[in-house]
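Enquirer: sequence? don't have it. structure:
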């Protein structure tokens, strides 16, 4: 009878897969689908020191730019679901690509488990500071008057979709020039290679502050607390152009729930540490630190939203 009771008790105990109880026990790799110096690359590198403190292991950032972050997303989706390969998943690969590609080698909702929303933020509409463009109204007029100079830099689907929506709503014809990263797009505008770019705050902020590019508006519903003088697109005369974007951490599907919970707790803690909040604020980023469920809801909502935008703007990247 004692042996039987012992066996029953053992069966009733929750079982953990080997390695879960001492996770992490080796370095963690974070895949970023953009070039070094881009917005998401900057964000993850700001977080790395605090993440390493909390997790007790080195965090290795691996940049795999190109193909609208598809290469990095596919690599992450096919990685072992053991918590040692994570994906820095912004709006582009997780909600824009499903809207603009009919076929992808990964499914954002099927092949990944959400960990935590790091931050959400607006995009900046920017132009070369030497151009006679001081408002969105000026930008529209200049693009129509100089069709041979009307071009924009884009390094990801989110920037393309937003700019194409802008073109649709303003009746402008602006040619896209592709770049590998948003840092490259900003440099192209600053150097006069292109007229404009719609871009995320981290790479744009230093150039705006230095005066090499000029910000005209933000794509959020309200003015940004770090940039109170910048109007929203509605205030600038282009309504229905609210395009907030996010960046977040994801793990391959089937990553154990205990590991996901550990990572979620750590990410939510790190984004609210004084050091990270200060660095984020300097880049115009407001930290979030969501639950896994909240991030899953954001992904589902935005996929539906951007599918409608892509259809209206007739965007097909296949």
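Expert: Received it, and whenever you're ready, just let me know what you need. A quick note: this is a predicted structure, and the numbers were derived from the prediction, not measured.
Enquirer: Contact partners for the nearest residue to residue 192 once chain neighbours are set aside?
Expert: Spatial nearest neighbour of residue 192, excluding adjacent residues (Cβ to Cβ, 6 or more residues apart in numbering): residue 128 at 5.4 Å. (Each C-beta comes from the backbone N, C-alpha and C, glycine too.) Taking Cβ atoms under 8 Å, 6 or more residues apart in numbering, we find residue 128 in contact with 189, 190, 192, 194, 195, 196, 213, 214.
Enquirer: in the stretch 101-250 of the chain, which spans are helices?
Expert: For the stretch 101-250 of the chain, the helices defined by DSSP state H, counting those that start in this stretch occupy 136-145, 157-170, 182-190, 201-210.
Enquirer: and the ones you listed, which is most packed in?
Expert: Of all the helices of the stretch 101-250 of the chain, helix 182-190 carries the top mean neighbour count, a mean of 25, counting by mean count of other Cβ atoms under 10 Å.
Enquirer: so what secondary structure elements neighbour that one?
Expert: Applying 3 or more Cβ pairs under 8 Å, 6 or more residues apart in numbering; DSSP states H and E, we find helix 182-190 packed against strand 124-128, strand 151-154, strand 196-199, helix 201-210, strand 213-218.
Enquirer: who's in contact with that helix?
Expert: Contacts of helix 182-190 (Cβ under 8 Å, 6+ apart): 34-39, 126-129, 153-156, 159, 177, 179, 194-197, 199-200, 202-204, 207, 212-213.
Enquirer: Repeat that for stretch 296-314.
Expert: Contact partners of stretch 296-314, identified using Cβ under 8 Å, 6+ apart, comprise 91, 94-96, 98-100, 108-109, 114, 117, 161, 164-165, 167-168, 246, 248, 290, 315-316.
Enquirer: Got a quick ChimeraX command for the buried subset of those residues?
Expert: Command for ChimeraX that selects the buried part of the contacts of stretch 296-314, burial taken from 16 or more other Cβ atoms under 10 Å:
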select :91,94,95,96,98,99,100,108,114,117,161,164,165,167,246,248,290,315
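Enquirer: ok so, going back, export the helices of the stretch 101-250 of the chain to a markdown table and append columns for distance to residue 62 and mean pLDDT.
Expert: Below are those laid out as a markdown table (distance: least, Cβ to Cβ, whole Å; pLDDT from 0 to 100):
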| stretch | distance to residue 62 | mean pLDDT |
| --- | --- | --- |
| helix 136-145 | 37 | 98 |
| helix 157-170 | 21 | 89 |
| helix 182-190 | 17 | 93 |
| helix 201-210 | 19 | 90 |
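Enquirer: among these, which is nearest residue 58?
Expert: helix 201-210 (23.0 Å; Cβ to Cβ).
Enquirer: Quick one: list the elements packing against that closest one.
Expert: Secondary-structure packing of helix 201-210 (3+ Cβ pairs under 8 Å, 6+ apart): helix 39-55, strand 124-128, helix 182-190, strand 213-218.
Enquirer: and the longest strand anywhere in the chain with strand 213-218, angle?
Expert: Scanning the chain for the longest strand, with DSSP state E as the assignment, gives strand 112-121. Per axes from the mean of the first three to the mean of the last three Cα atoms, to 10 degrees, the angle that strand 112-121 makes with strand 213-218 is 100 degrees.
Enquirer: Strand 112-121 versus helix 39-55: what angle between them?
Expert: If you take the same axes, to 10 degrees, strand 112-121 sits at 110 degrees to helix 39-55.
Enquirer: From residue 221, how far off is the closest residue to residue 292 other than its chain neighbours?
Expert: Excluding the flanking residues, the one nearest residue 292 by Cβ to Cβ, 6+ apart is residue 114, at 4.7 Å. In this structure, residue 114 and residue 221 are 24 Å apart, going by Cβ to Cβ, to the nearest Å.
Enquirer: so where do the strands sit in the stretch 201-318 of the chain?
Expert: Here the stretch 201-318 of the chain has its strands, by DSSP state E, counting those that start in this stretch, at 213-218, 245-252, 286-287.
Enquirer: With mean pLDDT and distance to residue 301 as extra columns, can I get those strands in CSV?
Expert: Output for these, formatted as CSV (pLDDT from 0 to 100; distance: least, Cβ to Cβ, whole Å):
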stretch, mean pLDDT, distance to residue 301
strand 213-218, 97, 20
strand 245-252, 94, 11
strand 286-287, 87, 18
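Enquirer: follow-up on the earlier one: pick out the most distant pair among the contacts of residue 128.
Expert: Spanning the widest gap among those are 194 and 214, at 13.6 Å by Cβ to Cβ.
Enquirer: that older thread, mind pulling up the pLDDT for the residue nearest to residue 192?
Expert: Confidence at residue 128, expressed as pLDDT, is 97.
Enquirer: wait, what's in contact with residue 56?
Expert: Residue 56 neighbours (Cβ under 8 Å, 6+ apart): residue 24.
Enquirer: tell me the phi and psi of it?
Expert: phi 70, psi 20 (degrees, to the nearest 10).
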